[in-house]
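# structure of the sequence below:
(4 chains)
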Number of protein chains: 4
Amino acid sequence: MSLPDAFHEIAKRVSNRGRWGADDEIGTLNLVTDEVVREAAACVRTGRRVPLALPLRQGGVQTGMIPGRVDPLHVMVQINQEIFGPGTVACSDDAVTMSLQAGTHWDALTHASHSGRIYNGRPAGTITAHGGAEFSGIDKARHIVSRGVLLDVARARGVDRLDGGHAVTPEDLEAAEDFGRTRVRAGDIVLVRTGHVRVLLAGDKHAYAYPSPGLSIRTPEWFHARDVAAVANDTLTFEIFPPEIDDLWLPVHALHLVEMGMLQGQNWNLEELSTACGQAGRYAFLLSAMPEPFTGGTGTPVAPVAVL
Amino acid sequence: MSLPDAFHEIAKRVSNRGRWGADDEIGTLNLVTDEVVREAAACVRTGRRVPLALPLRQGGVQTGMIPGRVDPLHVMVQINQEIFGPGTVACSDDAVTMSLQAGTHWDALTHASHSGRIYNGRPAGTITAHGGAEFSGIDKARHIVSRGVLLDVARARGVDRLDGGHAVTPEDLEAAEDFGRTRVRAGDIVLVRTGHVRVLLAGDKHAYAYPSPGLSIRTPEWFHARDVAAVANDTLTFEIFPPEIDDLWLPVHALHLVEMGMLQGQNWNLEELSTACGQAGRYAFLLSAMPEPFTGGTGTPVAPVAVL
Amino acid sequence: MSLPDAFHEIAKRVSNRGRWGADDEIGTLNLVTDEVVREAAACVRTGRRVPLALPLRQGGVQTGMIPGRVDPLHVMVQINQEIFGPGTVACSDDAVTMSLQAGTHWDALTHASHSGRIYNGRPAGTITAHGGAEFSGIDKARHIVSRGVLLDVARARGVDRLDGGHAVTPEDLEAAEDFGRTRVRAGDIVLVRTGHVRVLLAGDKHAYAYPSPGLSIRTPEWFHARDVAAVANDTLTFEIFPPEIDDLWLPVHALHLVEMGMLQGQNWNLEELSTACGQAGRYAFLLSAMPEPFTGGTGTPVAPVAVL
Amino acid sequence: MSLPDAFHEIAKRVSNRGRWGADDEIGTLNLVTDEVVREAAACVRTGRRVPLALPLRQGGVQTGMIPGRVDPLHVMVQINQEIFGPGTVACSDDAVTMSLQAGTHWDALTHASHSGRIYNGRPAGTITAHGGAEFSGIDKARHIVSRGVLLDVARARGVDRLDGGHAVTPEDLEAAEDFGRTRVRAGDIVLVRTGHVRVLLAGDKHAYAYPSPGLSIRTPEWFHARDVAAVANDTLTFEIFPPEIDDLWLPVHALHLVEMGMLQGQNWNLEELSTACGQAGRYAFLLSAMPEPFTGGTGTPVAPVAVL
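Residues are numbered from 1 along each chain as shown, chains lettered A, B, ... in the order given. This next block holds a predicted model:
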C-alpha cells in the first residue's frame, strides 16, 4: 500500500522543500520576520490577555485511543519539607510524567513522516529512541511569537460548534475572514475555531476524540497560498476524522508537517478568545505560543496567550 | 528552632497579605494591569525575539543535590509508526518525566511556606499529595505577559559574571537601572542578570549549583517598594547561596513567595538578552513567560521570550 | 464521621499491635519461620512452576477510577544503539512510569491507615512526600517466600467465577480447604481464588473493577485465628466492593494492614494455578512473591511464582 | 567498522541459534527442566532466605554515564487520603519512574544485538518504540526459578573484592567451584561474586561504575559447555570494563544474549549470600528471580531470593 496520487499531487503543489535551503529545519516559521512581529505588537490595543491552554491534569484529554499517549501524572516530591531543619523555610516540589502531545500542544515538524521522509527531504530514520529528532525537533523552533488571527468558523456559520462530520474548507476559512473583517497575511499564525472543544469541556472526552470536525485536505493549499506560519485549532485530531478519502489517514498532517514544514497545534481552547474577539470586534492580535525546548522533541506542551 | 526576628521584621514590611482580598491567589500578578501590557507592547521596536529557556534534556541543570528533583527524561513512544497500516502516513510521539523545577522555571507561590503558612495566610496543609496546591497553584497564574526589564548587574559592574559569593543588593539593582537608563515600574517583571549561568553553559553544573551569587535578603523590600510583578534570574538558587545570615536558609524565597505573593523564576538564560539589550541600547521589552497550567502545580517549566 | 463500633470491635480482636515488639515493622511476616520455609520447599513434587502476574503494559488493569493510579507506560530509551561506534555491539534500554499498585501487587502495611495510625500504632504522619513510608515501607518486607495454599472458592462452589456481589466468608474459605484437602497453617500465604479476574482477561476492565466479589469483613478474624502470613486474591479491590456495611469502606484493608500488620495482594492471576492444583490434586506449594525493594514504598509490583 | 574475527569465532562455538527451534524466544531457560527445579527445592535445608536486590531509590546505582538510564524516582500520589470522606479508612498510593536496568536487574535477550540480529537470528529491527521487543522480550521469560550456585571468586582468591582490572576467567570459576565444593550443572543459575558491589555500598558509585572487574570474554564458552541457564553478578557492567580487547566493547553481552540466548543479571548484592554460604558450607540453593512481566521489555528489575 502507498499514498494515493491525489495526495502526491497536492504534496507537489504545497512543498516547501529546499525553499529556505537544504539545511533548514524550521519551515514556515521563517516567514515570521521582525516586521511581522512589529505589526503583531501593534495589534495590542486594550492589553487584554487571553490564555488558550487546557488544564494539565489526570482526567484531561486522553482516552487511551492513541497508543502511548498519556495524560499528565502530576506528583508532589516534597510537601512543605523543612530541608534545612525544623522551623526553617519549607519547600514543596513536584514532577510530572506526560506525553508531549497530551494537552494543548504543538506538533513538531517531525511528528509526521511519509514515504520514509520528514520535512525538507531528510530521512525519517533520523528520528531515533536515542535523542529523538536529530533534525527539526521542537527545540529548533526557538521562538513562536507572531500575529495571530482567529478564523471563527463556527461563529461565522452561526453555530456554537461544528458537527463531528464537518470538514473545514477554504470557503469556510474565507467566510470566517469576512466575518472577522481580517485578511490572513504572510507570517500569521492562524487559529481555526470549530467550537468542538465544547464537547470536551462538557465532559465527554470520547465524543471529543471521535468523530471530529477538522481541516479538510483542501486547506493546506490555502494556507500555502497565504504563506501562513502555523495553524492551530480546538480539536484532538486537527483534521477531519475519520478522513474525507477512504484509507487516506492524516493527509493534512503529512502535507503541513512534511511537505510545507508548517507547525500545527491541537487542543487549543479558543472559547474565551472567541468571546474576546467578538467583544473587541477585532480578530487579529499578538500571539505568543512558545514551545518548551525539549531536545529532539516531536511535540511540546504549549501555553499560548493572545494579547488584544 | 524558628525563624529569627530579623526575618520577621522584613516580613512585616513587605507583606501583601489581604492586599487584594482574602480570596486572592495570585499576589503581585494583580499589578499587571491592561495598561501595563499596552505599555509593554509599545516597547517592541525591532521585533527581535530572544528566547530565555535552557534546553530540556538529560544532562541539564540538576546534580542530585535537591532531593527528588530530576532532569527531563525525554522518550519516544512512537517512531515513524504507520498506525493505519503499511505505507500510510507515519507518526512519532514522545513523553517526558521531569521535575517542574528541573530547568528554566517559575516557582509557584506555593513552592515555599514558613511557620505553617503559604501566601495570603492560608495553611500550608492545603498542599497535599492528592491534587497538589489547592490554593495558589501555578494553574492560577493564568497569564504572565508584561513589561520586562533587564537589570544587567554583571555588565553594570563591568564583569562577565558575578562571583559565587556575591549577594546582589538594592544598590546593585539601582546601578543596573542607571546602566540601562531604565526605571523599574509597577507591574514590571524584573530579570536580574548575574552571568552565573555561564558556569553551567561551560559545563560545570556543580559549580553552578553551589556556591551561587544571587539576591540579597535586602532586595525584597526594594522589589516591594517598586511594586514589581515578578522577578527571575540566571541562577539555580535564585538567592545568594549559602545564605548571608547563618542558619537562615531561603529567606528571599519566603519573603517573595509567602509574604509578597510574588512569583520568582530560576535558571533563565539571560546571555543572549544581555547582548541584544546592549546592542539595542534598550533594557525594557515585552516579556511573555506563560506557565504551563499544571493543576495544583507548585512550579512550572517556562519558555520565556523577550520581544524588543 | 468516624468508623463504627462494629469495626472497632473486630479491630480489637485481631490486633497484633505490640505482638512482635514496639519496633516491629513487618507484622505477620514474622510468622514465616525457617521451619515454615523448609516445609514449603518440601511441597515441591513435580517442579512445575506457575507464574501469577498479569502483564505490565498500557491497557492493563487501571480504569482511571482510582485517582493517580496509572497503568505502566513502558518506553524504549535506546533501540539497538551502537554506543561505542558504528558496527559495535548495540544495546536497547527501556524505562517505565507506573503506579506501584498498577498490576499484580502487594499492598505494603502503610497502604492503609485509620484514625491517624498505621500498623503497630505509629502515627500515619510518618508517611510523607519526602521519602514515603518511614516505617513499614515495602522495603522492610525483605523476603516473601513461604508455603502457599490455594483456596479455590470458585471451584469449591462449582462455578467459574463468583458474582460481583459475592462476599467470601469464613465458611467459603473452609469449604475451599475441604475441597483442596489442605488445612491452612501458621505462616502460610493464602491465595483466595474468586475467578473474577476472568472478567478482566475477557477484556472488560470496568466490570472487573466494580462491582467485585471479595473478602468479607468476617474473614480477618479467620485469618487471624489461623496465623496466616499474607493473603492475596484475583480482584482489584481485594474485599467485596461496594462494601457489606453502608459507609464502611475498605474495612478489610484497615483490619489486615493496620491492625494485623498482614500484607495483602491484588490482581493476582490464579487461573493457571487453579488448573495446575486441580491436575495435581494438591493445593499447597512453594510460593515466592518477592517485593521490589522500593525505599519507603506503600506497595510494589510483584511477579509471584508457585512451584508445585 | 565491524566486530573482529576473534569475536565471530567464539560466537560460532557458543551459538544456540536453532537449538530449541526457529520459534524459540527464551534460549537457555529451556534448560531449566522440572527435574532441575525439584533438585533446587531439595537444596533447601535450613529455610534461610537471602534477598539479593539493592534498594530502589534516588541516589541508587546510576551515575548518568549510560544515556537515558535513570535511578527510580519514587513518588507518593496519595498520602493517608480519606477517599470516601472524613474519618474513613485512608489510603496511600505511590508511583515510580525508573529505567528497567536501574538497579538489580535482568537483561532480556533483546538488551543486546549485533550485526543487525538478536537471539535466534531474528532481525534487530523487531525492537521498536511501539511495543518494545516483539520477540524475546522479558515477558517471554515467564518463570525463573532454578538451582542457584554461588561462585565466590573473591573469597576463593582470599580477597574481599577483586580489583577494577580483574577479568574473571574460566580458571577463576573452577577455583570457585573447588572452593565451594559444588559443580555447576545444566540448568543452574550461576552467581559470580566479585565483591565489587562493596565499592557501591561504601558510597562511591563512580568507582563502582568504572573501572570494573567482570567476566572475561573467555567465560561464555565455559558457561556454554556447562549448559548454564543464566548468570548474574555484583557489578554494573557485568563483564570486565574497559574491555580486554581494544575496541571490542561488550563482547560478553553479545555472546550471552545474542548467541547463546542466555539471560544475564547485574547489580546483584551477593554480600549476605557470601556470608550465608560460608556459614552453611553449601554453595547451592533454591533461587527464585522472577522478572516483572513488562510486555516487550528489554530488561526488568528483579528481587532475587536464595533459599538455603
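# look up the closest residue to residue A:242, ignoring the ones flanking it.
Excluding its sequence neighbours, the residue lying closest to residue A:242 (CB to CB, 6 or more residues apart in numbering or on different chains) is residue A:211, at 6.3 Å. Backbone N, C-alpha and C define where each C-beta goes, glycine included.
# now do the contacts for the residue in chain A that chain D sits nearest to.
In chain A, the residue found nearest to chain D is residue A:75; the distance is 4.1 Å by CB to the nearest CB. By CB atoms under 8 Å, 6 or more residues apart in numbering or on different chains, the contact list for residue A:75 reads A:94, A:95, A:96, B:129, C:68, D:75, D:76, D:77, D:95.
# surely the fifth one is in a strand?
No. Note on residue C:68: no strand contains this position according to DSSP: H, G, I helix; E, B strand; the rest coil, which reports coil.
# burial check on it, number of neighbours?
Per other CB atoms under 10 Å in any protein chain shown, the neighbour tally for residue C:68 reads 22.
# repeat for the third one
Using other CB under 10 Å, residue A:96 has 26 other residues around it.
# next one: it from chain C, what distance?
According to CB to the nearest CB, to the nearest Å, residue A:96 and chain C sit 10 Å apart.
# bridging residues for that residue?
When bridges are called by DSSP bridges, residue A:96 pairs up with residue A:74, residue B:98.
# just checking, it touches residue B:295?
No. With contacts counted by CB atoms under 8 Å, residue A:96 stays clear of residue B:295, the gap being 10.7 Å.
# need the residues touching each of those two.
A:56, A:74.
# quick one on the thing from earlier: in CSV, list the contacts of residue A:75 along with distance to residue A:36 and pLDDT.
As requested, the contacts of residue A:75 are arranged in CSV below (distance: CB to CB, whole Å; pLDDT from 0 to 100):
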residue, distance to residue A:36, pLDDT
A:94, 37, 97
A:95, 37, 97
A:96, 34, 97
B:129, 46, 96
C:68, 44, 88
D:75, 43, 96
D:76, 48, 97
D:77, 45, 96
D:95, 44, 97
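# thinking again about what came up before, list the contacts of the residue nearest to residue A:242.
Applying CB under 8 Å, 6+ apart to residue A:211 gives the contacts A:164, A:165, A:241, A:242.
# ok, now how distant is it from chain B?
From residue A:211 to chain B the distance is 16 Å (CB to the nearest CB).
# let me know the pLDDT of that residue.
Per-residue pLDDT puts residue A:211 at 97.
# you'd agree residue A:11 is in a helix?
Yes. Assignment of residue A:11 by three-state DSSP places it within a helix.
# spit out the contact partners of it.
Shown in contact with residue A:11 (CB under 8 Å, 6+ apart): A:254, A:255, A:259.
# quick one: pLDDT of it?
Residue A:11 carries a pLDDT value of 98.
# same check, this time on residue A:2
We have a pLDDT of 83 for residue A:2.
# before we move on, what about the one 4 residues further on?
What the model reports as pLDDT for residue A:6 is 93.
# quick check: residue A:119 touching residue A:110?
Yes. The criterion here is CB under 8 Å, and residue A:119 meets it with residue A:110 at 7.3 Å.
# anything in contact with each of the two?
A:135, A:136, A:257.
# any idea which residue is closest to the centre of chain A?
With distances taken as CA atoms, centre = their mean, residue A:265 lies nearest the centre of chain A, 0.5 Å away.
# which strand residues bridge it?
Note on residue A:265: beta-bridge partners residue A:106, residue A:232, judged by DSSP bridges.
# likewise for residue A:167?
Beta-bridge partners, per DSSP bridges, of residue A:167: residue A:214.
# isn't it right up against residue A:244?
Yes. With contact defined as CB under 8 Å, residue A:167 counts as touching residue A:244 (5.6 Å).
# of these two, who's got more company?
residue A:167 (19 against 16).
# contact partners for that one?
Applying CB under 8 Å, 6+ apart, we find residue A:167 in contact with A:213, A:214, A:215, A:216, A:217, A:240, A:244.
# which two from those end up farthest apart in space?
A:213 and A:217 (13.8 Å; CB to CB).
# more neighbours: these two, which one.
Taking other CB under 10 Å, residue A:213 and residue A:217 do not tie; residue A:213 has more neighbours (26 against 21).
# list the residues that contact that one.
Counting by CB under 8 Å, 6+ apart, residue A:213 touches A:161, A:162, A:163, A:164, A:165, A:166, A:167, A:168, A:194, A:196, A:235, A:240.
# out of these, list just those in helices.
Secondary structure assignment by DSSP state H places none of the contacts of residue A:213 in helices.
# which one of those residues is nearest residue A:114?
Among the contacts of residue A:213, and counting by CB to CB, the member closest to residue A:114 is residue A:240, at 18.2 Å.
# with adjacent residues omitted, what lies nearest to the residue of the stretch 201-308 of chain A found nearest chain C?
Residue nearest to chain C within the stretch 201-308 of chain A (CB to the nearest CB): residue A:205, separated by 10.5 Å. Distance criterion CB to CB, 6+ apart; nearest residue to residue A:205, sequence neighbours excluded, is residue A:63 at 5.4 Å.
# check residue A:34 too.
residue B:47 (3.3 Å).
# got the confidence number for that neighbour?
Confidence at residue B:47, expressed as pLDDT, is 98.
# how about it, secondary structure?
Applying three-state DSSP: residue B:47 is coil.
# touching, it and residue A:37? I think so.
Yes. Here residue B:47 reaches residue A:37: they are 3.5 Å apart, a contact under CB under 8 Å.
# what about those two, which has more around it?
Neighbours were counted for residue B:47 and for residue A:37 using other CB under 10 Å; residue A:37 has more, 24 against 19.
# so who does the more buried one touch?
So residue A:37 contacts A:145, A:146, A:147, B:44, B:47, B:48, B:49, B:307 (CB under 8 Å, 6+ apart).
# give me the neighbour count for residue A:80.
Other residues close to residue A:80 by other CB under 10 Å number 24.
# now it: which helix or strand?
Residue A:80 belongs to strand A:73-81 when elements are defined using DSSP states H and E.
# dump the C-alpha coordinates for that strand into CSV.
Taking Å, rounded to 0.1, in the frame of the first residue of the first chain, the C-alpha atoms of strand A:73-81 are listed here in CSV:
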residue,chain,number,x,y,z
LEU,A,73,0.5,12.4,36.1
HIS,A,74,1.4,15.3,38.4
VAL,A,75,3.0,14.3,41.6
MET,A,76,4.5,16.1,44.7
VAL,A,77,8.0,15.0,45.6
GLN,A,78,8.3,17.4,48.5
ILE,A,79,5.5,18.9,50.6
ASN,A,80,6.4,21.7,53.0
GLN,A,81,9.6,20.0,53.6
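# just the residues contacting stretch A:13-25, thanks.
A:26-28, A:30, A:109, A:119-121, A:135-136, A:140, A:220-221, A:224, A:255, A:259-262.
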